[in-house]
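Peer 1: here's a sequence, model it:
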Amino acid sequence: MQPTKPHAALLASPGMGHLIPVLELGNRLVSNYGFNVTIFVLQADDSTAQSQFLKSLHPTLLNIVSLPSVDISSLVAPDAQVAAKVAVMMRESLPALRSTINSMNFRPTALIVDLFGTEALAIANEYDMLKYVLIASNAWFLAATIFFPTLNRKEEDEIIKQKQALKIPGCKPVRFDDTLEAFLDRKNQGYDEYVRVGLEIPMADGILVNTWEDLEPTTLKALRDSKLLGRVTRVPVYPIGPLTRSVKPQVLGNQLMDWLNMQPLQSVIYISFGSGGTLSANQTTELAWGLELSKQRFIWVVRPPMDDDVSGAFFDVGNGHDGTPTYLPDGFVSRTKNVGRLVPMWAPQAEILSHSSIGGFLSHCGWNSTLESIVNGVPMIAWPLFSEQHMNATMLTEELGVVVRSEELPSKRILGREEIGKMVRKIMVYKEGHGIRNRVKELKYSASKALSIGDSSFNSLSQVANDVNSGLQFLKSMPQGA
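Peer 2: Next up, the predicted model:
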């Protein structure tokens, strides 16, 4: 059966950083272009932040379909990187995706997959759908992801063994310390999966990126130039960002938000390491002391420390602990009870960052968190942990100037309490923080402008919508049963 209006199917990988942009894209396709939208989400455990978040969405204009959870325990090594685990999970979910699409009353006109769903592009081909890849991160990350797989062995060795920068045609080089860890260990399963993804992305009909023209003009130009990176990209690149979650009106009776309402303007720093980031026990202790030494109000999304895995909570974001965390310094909670709030495991981040009392964000620099901070005009302290977060932190520091950063990477050593306290005061109190705050407000305006009718991101998504609609009209022109 043929659809009566454009119908897009979106496939989201596990993790809030993937899920939120996919959902927001779906919302825009429904609200702005009248699409029918089905979003396929790989089912997660009921105790995870992802499940809590999905439950909070109903009622919704989107048709959200949960794909059954998959067991990958026999398919990945215990020490496999997060990227490898997510990629394998997505691969194992393909039969369920194909079966679900096959059982629909009419097939979608287009399939949009995120980074780790590129193997599903083959299913789009089976059903004659247009196919797109949504990069939930920025254009610089896209450039690195699709360019690295084109290197020969000698060029790879220069990066991996000699620790040289990844030089991308027409783009800022990625220095060794910022290089995606998946590219640095050929023996790790993550290497093979990421290389495959990088090769498959250009097989789509177009690439949607969660950025905007004025934020990354040089990189976007290189991605489109056939003499530069465009020879690798080969398909249109559509910057459609920022894709960030819309904030609902505050619900009365929420203790955290009620506390925020009582704090002075821009007086609270928010601390969160994303849905999966973890710190070591020693680093958690130093962060607690640093916050106390800063003498600033704070909200800290705190989770149990892990000494050997900075992404340890990615697949295990539970409902949190009961009572006072035992891993914080003795007396910390009682000494800071009048100026701080601890939130176990997960918090309504978009609502917090949009509050007028928030004056700074100590962040892991995941791209979703970065954009939520920018669209709310909140300056950041960069504390990258894994994946492309190091690239993001470098961009935010050296190109955009909207963060304070430690002298040495947190991955290289334990950041001490004095340095942490100084960074917090720098962003919240010192004159340097005022300049950063002004710059992030400029980016806030730039982001809002890009989404305005007739501006860059609005026009990019409109072009995609027009192409999908043209595909629908082509289907309607075909004889029934063709």
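Peer 1: which strand or helix spans residue 123?
Peer 2: Mapping residue 123 onto the secondary structure by DSSP states H and E places it in helix 121-126.
Peer 1: could you list every helix and strand in contact with that helix?
Peer 2: In terms of contacts (3 or more Cβ pairs under 8 Å, 6 or more residues apart in numbering; DSSP states H and E), helix 121-126 is packed against helix 94-103, strand 110-114, strand 130-135. (Glycine included, C-beta is placed from N, CA and C.)
Peer 1: now with 7 Å?
Peer 2: The criterion is 3 or more Cβ pairs under 7 Å, 6 or more residues apart in numbering; DSSP states H and E, and the helices and strands that helix 121-126 contacts are helix 94-103, strand 110-114.
Peer 1: please identify the deepest-packed of these.
Peer 2: Mean neighbour count (mean count of other Cβ atoms under 10 Å) peaks for strand 110-114 among the helices and strands packed on helix 121-126, with a mean of 28.
Peer 1: now the angle from that one to strand 130-135?
Peer 2: Between strand 110-114 and strand 130-135, the angle formed by their directions is 20 degrees, by axes from the mean of the first three to the mean of the last three Cα atoms, to 10 degrees.
Peer 1: so what strands line up beside strand 110-114?
Peer 2: Each strand pairing with strand 110-114, determined using DSSP bridges, is listed with its direction: strand 7-12 (parallel), strand 130-135 (parallel).
Peer 1: name the SS class of the closest residue to residue 329 other than its chain neighbours, please.
Peer 2: Ranked by Cβ to Cβ, 6 or more residues apart in numbering and with sequence neighbours excluded, the top spatial neighbour of residue 329 is residue 288, at 5.3 Å. Reducing the assignment at residue 288 to three states with DSSP: H, G, I helix; E, B strand; the rest coil gives helix.
Peer 1: next secondary structure after the helix or strand of the chain with the lowest mean pLDDT?
Peer 2: The helix or strand of the chain with the lowest confidence, counting by mean pLDDT, DSSP states H and E, is helix 49-55 at a mean of 62. Proceeding N to C from helix 49-55, the next assigned helix or strand is strand 63-67, under DSSP H and E.
Peer 1: please, where are all the strands along this structure?
Peer 2: Read by DSSP state E, the chain holds these strands, from start to end of the chain: 7-12, 36-42, 63-67, 110-114, 130-135, 206-209, 237-239, 268-272, 297-302, 340-344, 358-363, 380-382, 403-405.
Peer 1: which residues are contacting the longest one?
Peer 2: With contacts defined as Cβ atoms under 7 Å, 6 or more residues apart in numbering, strand 36-42 is touched by 3, 5, 7-14, 19, 22-23, 26, 29-30, 54, 62-67, 89-90, 93, 97, 108.
Peer 1: strand partners (parallel or antiparallel) of that strand?
Peer 2: Listed by DSSP bridges, the sheet partners of strand 36-42 and their directions read strand 7-12 (parallel), strand 63-67 (parallel).
Peer 1: need the mean per-residue confidence for the first one.
Peer 2: Looking at strand 7-12 alone, the average pLDDT works out to 94.
Peer 1: what about it, distance to the chain center?
Peer 2: Remark: strand 7-12 is offset 18 Å from the chain centroid, using Cα atoms, centre = their mean, to the nearest Å.
Peer 1: now the last one
Peer 2: Offset of strand 63-67 from its chain centre (Cα atoms, centre = their mean): 20 Å.
Peer 1: quick one: buried residues of it?
Peer 2: The neighbour-count check on strand 63-67 (16 or more other Cβ atoms under 10 Å) flags 64-65, 67 as buried.
Peer 1: what is the mean pLDDT for it?
Peer 2: 91.
Peer 1: oh, and call the first residue 252 from now on, that's how I've got it
Peer 2: All set: I'll call the first residue 252, so the last point we hit is now strand 314-318.
Peer 1: who's in contact with that strand?
Peer 2: Strand 314-318 is contacted by residues 288-294, 305, 344, 347-348, 351 when judged by Cβ under 7 Å, 6+ apart.
Peer 1: any idea how far residue 511 is from residue 602?
Peer 2: Residue 602 sits 9 Å away from residue 511 when distances are taken as Cβ to Cβ, to the nearest Å.
Peer 1: the more surrounded of the two?
Peer 2: When residue 602 and residue 511 are compared for neighbours, residue 511 comes out ahead with 22 against 18, by other Cβ atoms under 10 Å.
Peer 1: ok, now which ones touch that one?
Peer 2: Counting by Cβ under 7 Å, 6+ apart, residue 511 makes contact with 519, 606, 608.
Peer 1: go with 8 Å
Peer 2: Each residue near residue 511 by Cβ atoms under 8 Å, 6 or more residues apart in numbering is listed here: 519, 550, 603, 606, 608-609.
Peer 1: then residue 374?
Peer 2: With contact taken as Cβ under 8 Å, 6+ apart, residue 374 is in contact with 345, 348-349, 352, 362.
Peer 1: which of the strands paired with strand 287-293 sits closest to residue 469?
Peer 2: Nearest to residue 469 among these is strand 258-263; the distance by Cβ to Cβ comes to 29.2 Å.
Peer 1: export that closest one to CSV, keeping only CA atoms.
Peer 2: Extracted C-alpha coordinates of strand 258-263, given in CSV (Å, rounded to 0.1, in the frame of the first residue of the first chain):
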residue,chain,number,x,y,z
HIS,A,258,6.6,8.8,5.9
ALA,A,259,10.1,8.7,7.4
ALA,A,260,11.4,5.9,9.5
LEU,A,261,14.2,6.8,11.9
LEU,A,262,16.5,4.3,13.6
ALA,A,263,18.2,5.3,16.9
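Peer 1: which residues are in contact with it?
Peer 2: Judged by Cβ under 8 Å, 6+ apart, the contacts made with strand 258-263 from elsewhere in the structure are 269-270, 273-274, 276-277, 280, 286-293, 341, 348, 352, 357-365, 368, 371, 380, 385, 719, 723.
Peer 1: domains of the protein?
Peer 2: The domain map for the chain lists 258-492+702-728, 506-696, with the assignment taken from automatic domain parsing.
Peer 1: and stretch 477-488, how far apart are its ends?
Peer 2: The first and last residues of stretch 477-488 sit 12 Å apart, counting by Cα to Cα, to the nearest Å.
Peer 1: oh, that last question was meant for stretch 467-486, not what I typed.
Peer 2: One end of stretch 467-486 to the other measures 18 Å (Cα to Cα).
Peer 1: buried residues, that stretch. List them.
Peer 2: 467, 470-474, 479-481, 483-484, 486.
Peer 1: of the residues you listed, closest to residue 415?
Peer 2: Taking Cβ to Cβ as the measure, residue 415 lies nearest residue 480 of the buried residues of stretch 467-486, at 18.7 Å.
Peer 1: what separation is there between the residue nearest to that closest one when sequence neighbours are not counted and residue 450?
Peer 2: Here the nearest residue to residue 480 in space, its sequence neighbours aside, is residue 473; by Cβ to Cβ, 6+ apart that works out to 4.4 Å. Residue 473 sits 19 Å away from residue 450, taking Cβ to Cβ as the criterion.
Peer 1: still on that earlier bit, which of the contacts of strand 258-263 are buried?
Peer 2: Here the buried ones among those, as counted with 16+ other Cβ under 10 Å, turn out to be 269-270, 273-274, 276-277, 280, 286-293, 341, 348, 352, 358-365, 368, 371, 380, 385, 719, 723.
Peer 1: related to what we said a few turns ago, now, which of the contacts of strand 314-318 sits nearest residue 593?
Peer 2: Where those are concerned, and distances follow Cβ to Cβ, residue 593 has its nearest neighbour in residue 305, at 25.0 Å.
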